[in-house]
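Colleague: Predicted coordinates and the sequence they were generated for:
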Amino acid sequence: MAIMEIPGYYYDEIKKKYFKITNGGVSSQYHNNIIQAKKRRIEHDIETKTINSDIKSTKNTRTIKEIQKWRHYASPYNLQKLRLGFCKLDKSTYDFEMMRGWHYLKTLKYEDNKIWGKFKDKYFISTDGCVMNISAVDGLGTFSTCARCDELKITNYHQQLTNEGFMIFEPTIEVLVTNGKFVFKYITFSACDTDMFMGFFKFERYDPKTRKQDLSLNLIQYVKTINDRRIKGELMSILGIGLMKIDSDDFHYANVEFKNNCRITSALIQDNQLILGTNRGDGYLFDFTNSGKFYKCKRFTVRKGLYSIKKIVKNDRNTFISGSTSKLFVLDSNMHISMVITHDDGVKDFHVRANSDIIIVGLKSIKVYNYNDPQSQPVAIKYFNDNITHQISLFEENYFMVNQSHNEILVVHYSDYNTFSLTLVNRGRYLVNFINLSSGIYILHWDCDGKSIYEMYKI
């Protein structure tokens, strides 16, 4: 607002008052007021600069501390990418994680060393990089490694590329599935530009007599005989067959071809079938004999575009697939979509029961759906998420378990969906996974400053 000039008076902007001018000057009262106003203005400016300086200093100090905290970790992720949202998290996961603020490096990289599940009822499988360990635990909780399966061909190939000057990360097992007899592994290593990677596979058979038998060549030879050029080309690229030099009864890696498109994100071995899911919404169903010889392949599409298939479950009639959205797809025997179930919180995990109930675990809620009656209302199960994004689900015969935090596990009975909680002592550790080894005995996988710790837990 414009200040009106009054003859014989002077307007003080600080006091917002007019003062009378006497004998060509201002009165002594105004003179004292103008000095005090100038003093107040200087103090106000100093206080404002101090506050702004403190805000900037606090922000810079926090950023520097976070950078220094993780500067020793050789990881493709960095704080700037994390802050800009380039972690490639699902949108529901990202929105929920924003409530927590920083998404630390430890949370993103726990997959490098993990426990996968039971093997032949009394063993469990864990991996460290591209090494698969088959271990056992006795009644006293003592762990022993029964077999250590290293991927020498891939390790030697990685060393060869490193010697040639390629800046690449260590190979890691990203997908591992087993039916107790056959094991499928998908192994990758990334370049400095982590969008560029190379993918490899292993298909093996384990039994007490022959121990480990590599049957990868069976799948390689079958893929090379597929008549459909499109399917053949896709599988040659996804499985890394184009990187191989194949002899009559063996193969080795020789070519170099980094890619940034299709990779395997999930798999299932069941009823002499191998099902592979990709991050492009496509899947491949292979049939093989009891000896591990492949003879049939069918390609199917769940959703076109950037859609990662995360879990595959199969029963006598249907195949159930979840991925990086809030939808669960039900496929018929011809691998065509017959039904879609939408869970608003996103589908983090699910379980199909024999009575046609599907239990869907979301980020903030758990519900039970009936896929034989699409019009029925889902049953909500009481669940509290203590600001975690890494959910662990374990589905057993009579109950299932989901962690609510890093020191609490929710147990839900199938009969009436009643719940109770198990409290754990984590001592500041990060809960990575847990499996049921036998009745009432569980193995918990903890991460403590980058080191894996396995513990036995009884209930």
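Modeller: Noted; the coordinates are in hand. Numbers count the residues shown, from 1 in each chain.
Colleague: Report the residue spans of the stretch 301-450 of the chain with pLDDT below the cut-off.
Modeller: Scanning the stretch 301-450 of the chain with the threshold set as pLDDT under 70 gives 438-440.
Colleague: all helices of it, in order?
Modeller: For the stretch 301-450 of the chain, helices defined by DSSP state H, counting those that start in this stretch do not occur.
Colleague: Please, where are all the strands along it?
Modeller: Ranges of strands in the stretch 301-450 of the chain, per DSSP state E, counting those that start in this stretch, are 309-314, 319-323, 327-331, 337-342, 349-352, 357-361, 366-370, 379-381, 393-395, 399-403, 408-413, 419-423, 430-438, 441-448.
Colleague: before we move on, what about the stretch 151-300 of the chain?
Modeller: Using DSSP E, counting those that start in this stretch, strands in the stretch 151-300 of the chain cover 172-178, 182-190, 197-207, 211-214, 244-246, 251-253, 264-270, 273-278, 282-288, 294-301.
Colleague: will you turn the ones you listed into a markdown table that also has distance to N370?
Modeller: To be clear about C-beta, it is placed using only N, CA and C from the backbone, and glycine gets the same treatment. Below are those laid out as a markdown table (distance: least, CB to CB, whole Å):
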| stretch | distance to N370 |
| --- | --- |
| strand 172-178 | 27 |
| strand 182-190 | 32 |
| strand 197-207 | 36 |
| strand 211-214 | 43 |
| strand 244-246 | 47 |
| strand 251-253 | 48 |
| strand 264-270 | 23 |
| strand 273-278 | 24 |
| strand 282-288 | 25 |
| strand 294-301 | 25 |
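Colleague: what's the closest of these to I312?
Modeller: Nearest to I312, of all the strands of the stretch 151-300 of the chain, is strand 264-270, at 4.3 Å by CB to CB.
Colleague: if we can go back for a sec, L437 is nearest to which of the strands of the stretch 151-300 of the chain?
Modeller: Closest approach to L437 among those is made by strand 172-178 (15.4 Å; CB to CB).
Colleague: ok, back up a step: which one of the strands of the stretch 151-300 of the chain lies nearest to A147?
Modeller: Of all those, it is strand 211-214 that lies closest to A147, at 7.3 Å by CB to CB.
Colleague: ok, now how distant is the nearest residue to Q273 once chain neighbours are set aside from Y222?
Modeller: Closest residue to Q273 apart from its sequence neighbours, by CB to CB, 6 or more residues apart in numbering: D287 at 5.7 Å. Separation of D287 from Y222 (CB to CB, to the nearest Å): 10 Å.
Colleague: And for F189?
Modeller: 25 Å.
Colleague: Look at the two and report which has more neighbours.
Modeller: F189 (21 against 17; other CB atoms under 10 Å).
Colleague: Quick check: that one touching T155?
Modeller: No. Between F189 and T155 there is no contact under CB atoms under 8 Å: 10.1 Å.
Colleague: between these two, what contacts are shared?
Modeller: Counting by CB atoms under 8 Å, 6 or more residues apart in numbering, the contacts common to F189 and T155 are P171.
Colleague: Give the buried residues for stretch 317-324.
Modeller: Going by neighbour count (16 or more other CB atoms under 10 Å), the buried part of stretch 317-324 is N318, T319, F320, I321, S322, G323, S324.
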